[in-house]
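[1] okay, here's the prediction I keep looking at, along with the sequence it came from:
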Amino acid sequence: MTVLGLGGSGHDWSSCATDGNRLVAVDEERLVRSKYGLGTDLLAGVSRQAVLAQLGSTAAEVEHVVACELVPRPFYHSFRHRVQVINHHLAHAYSAFAASGMSRAAVLVCDNSGSLVAGDRTGPDGREAETISSFVADRDGIRLLERVSGAHVVDAASESAYYQPGETDNSLGHFYRTASIAIGLAYTGPKTRFPVSEDGKTMGLAPYGDERFVDELAELVDLRPGGGIGISASKVAHVLERLARDADFDTRAAIARAAQEVLERALVHCARALHARTGLTDLCIAGGVALNSVANGRILRETGFERIFVVPAAGDNGISLGCAYYGLHQLEGVPMDELPAFTDSYLGPEYPQARVDAAVAASGLPARRPDDLPGEVAALLAEGRLVGWWDGRSEFGPRALGHRSIFAAPYPASVRDHLNEQVKFREWFRPYAPIVRAERSDDFFDLGQPSPYMLIVTRVTRPDVIPAASHVDGTARHQTLFEHQNPTVHALLGEFERLTGCPVLLNTSFNTAGEPIVETPEEAVAAFASMNLDHLVVGGHLLGKS
């Protein structure tokens, strides 16, 4: 039995295949090497082919194909009558709850816009789209409790077959996206017809800003009883365009600060209402807005929920995961509590060791296979070296979590500037994330629950020890790691602590600005050769440059 889920909504195309036990999922961008999968030939569907090949299935052998209503037909055209099309937010909800392994939870989905729905208000062309959905989930399934929707007006000038930007009322995702684009934090590289907002940059910039615009932006977001939200997208655009016109850095930072604060207040408002209605203590979160890890931390602290789970592929790439889970549950009859939950996010394709060895040999770089790889790499990191790390299956989602990472010591503070300016070539204000053994997390971070996917920001309690991994406001989006999730990196952290007394490393994605994270061993070797890194670990090999 093979179920194929397909995801994306104009970008972030992905595929997920499962046989009920194994999950294989990968973003199109990782394979076609185009940021956000822009310009992808969906008929070819490289990610679709890759995940089926990993399961040993052909397209003809797939029993069920599931996609959401925002996935265009070319992505599943070859499957014709085997396709089940489902609601976009329902797919997000499945991705979060099934992956969480929780037995019963509330589910909050928040994004730019989802499926078209019937609502109280419609735009000039009759469109209204879901923007926030609340669910309750247990072993019997997932049930919608409340939905926020808003008039959705597509840009008539859109020339893209797959991505039609426009305005969506009552949308926190659209509100934040508009702010990001207004202050110039958007991807406009090759194959983009319209800017793709890079909201993580806005989140990183926000702590540098003052509060001068908070009240003005807050007036644009009406927090209604029962968790409702009211926003006029056209008013938001008008105000942000005015504020950002000819803005200097301090003004752009202040806009980011205001947008972040207003978003956090609104999400706390929605989550509190959901908690009051359900009385549940567990919350699962999905949708593009769920990647705002600062807001997630605030939800955990201020809403009554005691435990939250944010699916690592929270954006529209995670739709493929949710669709695969839906296929198992609804079409194959697998109970919710028997679906394959996450223990880690390493869902990408496997690469044989022979291919890794060949890539290393072809590089011409000095390489060897140390008997004690964690110990040797820990010693290099303790000396201040930067190490690229490629191992096993890639992470599903935007975060590098120890299989496609760059590691560095979390001190001195200048390490952050060096990485931004000389290695990653990205904005100077952007922070880096720390990784720590789960059993040592409480000694450095004020969180109180595991954070395996770097999606909850919390206060750093010992910033003097890890200054390069502490943001300007004294917080971090840290990753906790149990031994069973990644034994080698867990051992590396232990060896680094033995040598330095510090159990934390800095962990960032193995790529440069504007490029997808490396996927294959060949890409890892090529990236290492071109980047300002000192060493590379790839499939047990330790490479240098001289």
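    Right, received. Where do you want to start? Numbering: from 1, shown residues only.
[2] now Gly384, nearest residue through space, not along the chain?
    Ala409 (6.2 Å; Cβ to Cβ, 6 or more residues apart in numbering). Heads up, the C-betas are built off the backbone N, CA and C, glycines and all.
[3] and the residue nearest to Val46 when sequence neighbours are not counted, helix, strand or coil?
    Nearest non-adjacent residue to Val46, counting by Cβ to Cβ, 6+ apart: Leu31, 4.5 Å away. Taking DSSP: H, G, I helix; E, B strand; the rest coil as the rule, one finds Leu31 in the helix state.
[4] circling back to that earlier point, what's the residue nearest to Gly384 sitting at in phi/psi?
    Per-residue torsions, Ala409: phi -60, psi 150 (degrees, to the nearest 10).
[5] number of nearby residues for Asn507?
    By other Cβ atoms under 10 Å, 26 other residues sit near Asn507.
[6] for the nearest residue to it once chain neighbours are set aside, give me its contacts.
    Once flanking residues are discounted, Asn507 sits nearest to Ile435: 4.1 Å by Cβ to Cβ, 6+ apart. Contacts for Ile435 were tallied using Cβ atoms under 8 Å, 6 or more residues apart in numbering; they are 401-402, 407, 478-479, 481, 489, 493, 504-507.
[7] need those residues in a markdown table (columns: distance to Asn532).
    Formatted as a markdown table, those follow (distance: Cβ to Cβ, whole Å):
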| residue | distance to Asn532 |
| --- | --- |
| Leu401 | 23 |
| Gly402 | 21 |
| Phe407 | 14 |
| His478 | 25 |
| Gln479 | 23 |
| Leu481 | 26 |
| Val489 | 22 |
| Leu493 | 24 |
| Val504 | 22 |
| Leu505 | 18 |
| Leu506 | 15 |
| Asn507 | 17 |
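[8] the residues you listed: which two are farthest apart?
    Leu401 and Val504 (14.9 Å; Cβ to Cβ).
[9] just to revisit the earlier point, the residue nearest to Val46 touches Glu519, doesn't it?
    Yes: the criterion here is Cβ atoms under 8 Å, and Leu31 meets it with Glu519 at 6.4 Å.
[10] list residues touching both of those two?
    In contact with both Leu31 and Glu519: no residue, using Cβ under 8 Å, 6+ apart.
[11] domains in the chain, by residue range?
    3-86+330-338, 100-311, 353-543 (automatic domain parsing).
[12] helix or strand with the lowest mean pLDDT in the chain?
    Using mean pLDDT, DSSP states H and E, strand 166-168 stands out as the lowest-scoring helix or strand of the chain, at a mean of 87.
[13] could you list the low-pLDDT ranges of the protein?
    The chain contains residues with pLDDT under 70 at 119-126, 155-165.
[14] most centrally placed residue in it?
    In the chain, the residue lying closest to the centroid (Cα atoms, centre = their mean) is Pro398, at 4.1 Å.
[15] now it, what's its secondary structure?
    Three-state assignment for Pro398 (three-state DSSP): coil.
[16] quick one: contacts for it?
    200, 291, 313, 315, 509.
[17] which one of those is nearest to Asp442?
    Leu291 (24.7 Å).
[18] next, count neighbours for the closest one.
    Leu291 - counted by other Cβ under 10 Å - has 25 other residues nearby.
[19] pull out the buried positions in the longest strand seen in the chain.
    Longest strand in the chain, counting residues (DSSP state E): strand 141-154. By 16 or more other Cβ atoms under 10 Å, the buried positions in strand 141-154 come out as 142, 144, 146-153.
[20] show me which pair in these is furthest apart.
    Ile142 and Val153 (29.5 Å).
[21] which residues touch the residue nearest to Val46?
    Leu31 neighbours (Cβ under 8 Å, 6+ apart): 46-47, 50, 519.
[22] cool, and Met454?
    Counted by Cβ under 8 Å, 6+ apart, Met454 has contacts 293, 399, 401, 433, 477-479.
[23] what ranges do the helices span in the stretch 51-200 of the chain?
    For the stretch 51-200 of the chain, the helices defined by DSSP state H, counting those that start in this stretch cover 88-100, 172-182, 199-205.
[24] okay, the angle between the longest one and strand 141-154?
    Our comparison of helix 88-100 with strand 141-154, counting by axes from the mean of the first three to the mean of the last three Cα atoms, to 10 degrees, yields an angle of 140 degrees.
[25] circling back to that earlier point, name the element the residue nearest to Asn507 belongs to?
    strand 433-437 (DSSP states H and E).
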